[in-house]
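Undergrad: need the 3D shape of this:
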Amino acid sequence: MKDNICYDGVPTTAGSQLLGKHVSPYDADVISALKNCDCVFLGKTNMDEFGMGSTTETAAAGPTSNPWNLSRVPGGSSGGSAVAVASQLCTAALGSDTGGSIRQPAAFCGVVGLKPTYGAVSRHGLIAYSSSFDTVGPIAQTVADVSYIFDAIRADRNVRVQRDASLRGSDSFKPTFQRASDLVLKPLKGKRFAVIVEAIEEGISTEVRNSFFESIKQIEELGGAVDVVSCETFRLGLPAYYIIATSEASSNLARYDGIQMGNTSDDALNSSNSRRRFMLGEEVRRRILMGTYVLSSGYSDEYYTRAKCAQNGVHNELMGYLQDYDALLTPATPDVAYKMGDNISNPLHMYTGDLLTVNINLAGLPAVVVQSGLCPVEDGVLPVGLQFIGKHFGEAQLLEMAHVFETTRCVSLPEVDLFSWL
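TA: A predicted model of the protein is given here:
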């Protein structure tokens, strides 16, 4: 499980030195649910500090490497969870998704990642980054495995609503998965898909775009009808997301001052601000300062209020298209996994890596990423991901379509010497 999910009696640090000595006194709701299913827990996975990062390089414990190529990043912030699955160290792992933190690592590591509908899974026991976006979800090697874990952790409104006010009721979850040999000739016949044209324009690498076109061709061969649509608000999602997310982060992380919560340093520091500066990483401090500035007097209307208006526009436009289509399609990431160190010193470039995922969080929609192919690079090959975006609480139908795509395409996992990790 990702290290921002509480497990009774086990250290839960959220990847931060500030919580280096914190031991959780209770189980998160998702952990309780999995315990009720007799799941075996192997341990915590590395993550970007407080979920703030897209490379798993901001973790206090140090960076995590991509198992396909150890000189590349695994994505973030749930990079450790994706690596554990891709390295075949576990059947499945839990991550959290605020703006793509499950889906981007899944794409970079060639595994399956599901970001559920906001409110479908309890957030009780998840250390908050941005409360209106945070969602717990599974990462696994197959769509079917992701489905089993999601079925176990999805919230029962009547039992857990008192501990998470964001939970909402949902329909029964009963997806049907068939083996490739049992599929009919055109298993996606009658399904309608829409490609968001803004997701394949400026900023998308040639390799990712070509892989995406191959995936569209496969879906059409499977009987699916694919149209191209334009979302005028699509490019507004990224700036709106970072304004809202950093604003909420500045509020959520205010408690970690070394007095209410968090460690105090050994140095004789005189103020809570000094403790935060000493114990928090550079990226976390940057986002707290961004959020504090946005919410400051005279700027909240200029930035935060306009960002909320943009969020409504993104939500309404995506919901409008989902009334006519069964799923929307985009690449999962603008590029394949970055080299270590390439983006950590360039925050703006790192933030653009979330271009294709943040709109789903703004709208509260479910999305699943599956491996769509392999891309040759100068030092080997790296996986590319395809993102299916579905309707609110439409995880069953979404996973069924992703399963058909997955089982009719040859995908592979990296060759990993497990003993090299010991």
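Undergrad: for the rest of this, base every contact and every neighbour count on C-alpha atoms.
TA: Fine.
Undergrad: pLDDT-wise, which helix or strand of the chain ranks last?
TA: Of all helical and strand segments in the chain, the minimum by mean pLDDT, DSSP states H and E falls on helix 157-160, at a mean of 51.
Undergrad: so what strands line up beside the next helix or strand after that helix?
TA: With elements assigned by DSSP states H and E, the helix or strand that comes after helix 157-160 is strand 192-196. Applying DSSP bridges, strand 192-196 is found paired with strand 225-229 (parallel), strand 327-331 (parallel).
Undergrad: pull the residues that contact strand 192-196.
TA: Outside of strand 192-196, the residues within contact range by C-alpha atoms under 8 Å, 6 or more residues apart in numbering are 224-231, 321, 324-330.
Undergrad: between which two of the residues you listed is the distance greatest?
TA: Using C-alpha to C-alpha, the pair of these lying farthest apart is 224 and 231, separated by 21.0 Å.
Undergrad: more crowded one of the two?
TA: A side-by-side neighbour count of residue 224 and residue 231, using other C-alpha atoms under 10 Å, places residue 224 first with 21 against 17.
Undergrad: ok, the more buried one - contacts?
TA: Applying C-alpha under 8 Å, 6+ apart, the residues near residue 224 are 188, 189, 190, 191, 192, 193.
Undergrad: ditto for residue 81
TA: With contact set as C-alpha under 8 Å, 6+ apart, residue 81 has these partners: 1, 2, 45, 46, 93, 94, 95, 139.
Undergrad: tell me, how many neighbours does the last one end up with?
TA: Which is residue 139. 36.
Undergrad: assumed it was part of a strand.
TA: Yes: checked against DSSP: H, G, I helix; E, B strand; the rest coil, residue 139 lies within a strand.
Undergrad: surely it and residue 90 touch.
TA: No: look at residue 139 against residue 90 with C-alpha atoms under 8 Å: they stay out of range, at 10.3 Å.
Undergrad: re earlier: quick one: which of the contacts of strand 192-196 is nearest to residue 253?
TA: residue 330 (32.6 Å).
Undergrad: show me the beta-bridge partners of that closest one.
TA: Beta-bridge partners of residue 330, as defined by DSSP bridges: residue 387.
Undergrad: my guess is it contacts residue 357, does it?
TA: No: here residue 330 does not reach residue 357: they are 9.0 Å apart, not a contact under C-alpha under 8 Å.
Undergrad: residues contacting residue 351?
TA: residue 54 are the contacts of residue 351 under C-alpha under 8 Å, 6+ apart.
Undergrad: where does it fall, secondary structure wise?
TA: Going by DSSP H and E, residue 351 is in helix 347-351.
Undergrad: residue 66 - nearest residue in space that isn't next to it in sequence?
TA: Using C-alpha to C-alpha, 6 or more residues apart in numbering and skipping residues adjacent in sequence, the residue nearest residue 66 is residue 74, 4.4 Å away.
Undergrad: tally of neighbours for that neighbour?
TA: Residue 74: 37 neighbours (other C-alpha under 10 Å).
Undergrad: so it is in contact with residue 53, correct?
TA: No: the pair residue 74 / residue 53 is not scored as a contact, 11.4 Å apart, by C-alpha under 8 Å.
Undergrad: now do the helices in the protein.
TA: Along the chain, counting by DSSP state H, helices occupy 29-36, 79-86, 103-109, 143-153, 157-160, 206-221, 237-252, 272-279, 282-295, 306-322, 347-351, 358-363, 395-407.
Undergrad: residue 130 is nearest to which of these?
TA: helix 237-252 (5.2 Å).
Undergrad: who does the closest one touch, helix- and strand-wise?
TA: helix 282-295, helix 306-322, helix 358-363 (3 or more C-alpha pairs under 8 Å, 6 or more residues apart in numbering; DSSP states H and E).
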